[in-house]
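Student: From the sequence below, what's the structure:
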Amino acid sequence: MYSGPLYIASDHGGYQLKKRLIRYCENELELKIEDMGPLEHDPEDDYPDFVIPLAQKVVKENARGIVICRNGVGVCVAVNKVKGVKCGIGYNSGVAESMIKDDNTNIISLAADHLSDDLAMLVLRKWLETEYTGTERHARRLGKVESLEK
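Tutor: As a prediction, this is how the structure comes out:
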């Protein structure tokens, strides 16, 4: 199980799922997780205000992060603009596992309107308990993608 720094952020659309996942991480997985906002439900908020600082912190601290909006796409696109971020959308446990094993993601995006709380917890747990394999073919592919950031 991943035990390093863990951060979570959302927008108003992901606010309730974010609160549920914080309780899950702290109470059931016994992980410390930092809520990077929003701290209150505000239907007028904008996800970049919360997920970009999360992405920057994840890269700086070699940590992992969780971002949530209604469909998971907006927050995923936003954080992938930050150099060093590799984020994918976790829509089932198989994807959550492979996005770490093969793609070494450091942020997972979740779609609050398309995942039940139970499925979101299952997906998150799988992502947190999986490690990057570092196989040659995956490292080669990631190297090609990372070269775009230079």
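Student: show me the residues around Val51 that make contact.
Tutor: 9-11, 36, 67, 75, 78-79 (Cβ atoms under 8 Å, 6 or more residues apart in numbering). In short, each C-beta sits where N, CA and C put it, glycine included.
Student: Please enumerate the strands of the protein.
Tutor: Using DSSP state E, the strands of the chain run over residues 6-10, 34-35, 64-69, 87-89, 107-111.
Student: Select, out of those strands, the one closest to Lys126.
Tutor: Closest approach to Lys126 among the strands of the chain (Cβ to Cβ): strand 107-111, 9.8 Å.
Student: Please name every helix or strand in contact with that closest one.
Tutor: In terms of contacts (3 or more Cβ pairs under 8 Å, 6 or more residues apart in numbering; DSSP states H and E), strand 107-111 is packed against helix 48-61, strand 64-69, helix 73-79, strand 87-89, helix 117-129.
Student: got the angle for that strand vs helix 117-129?
Tutor: If you take axes from the mean of the first three to the mean of the last three Cα atoms, to 10 degrees, strand 107-111 sits at 170 degrees to helix 117-129.
Student: quick check, nearest of the contacts of Val51 to Glu30?
Tutor: Closest approach to Glu30 among those (Cβ to Cβ): Met36, at 20.3 Å.
Student: just to revisit the earlier point, dump the contacts of Val51 into a markdown table; add distance to Asp102 and neighbour count as well.
Tutor: Output for the contacts of Val51, formatted as a markdown table (distance: Cβ to Cβ, whole Å; neighbours: other Cβ atoms under 10 Å):
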| residue | distance to Asp102 | neighbour count |
| --- | --- | --- |
| Ala9 | 25 | 28 |
| Ser10 | 26 | 30 |
| Asp11 | 28 | 27 |
| Met36 | 27 | 23 |
| Val67 | 20 | 32 |
| Val75 | 21 | 32 |
| Ala78 | 23 | 23 |
| Val79 | 19 | 26 |
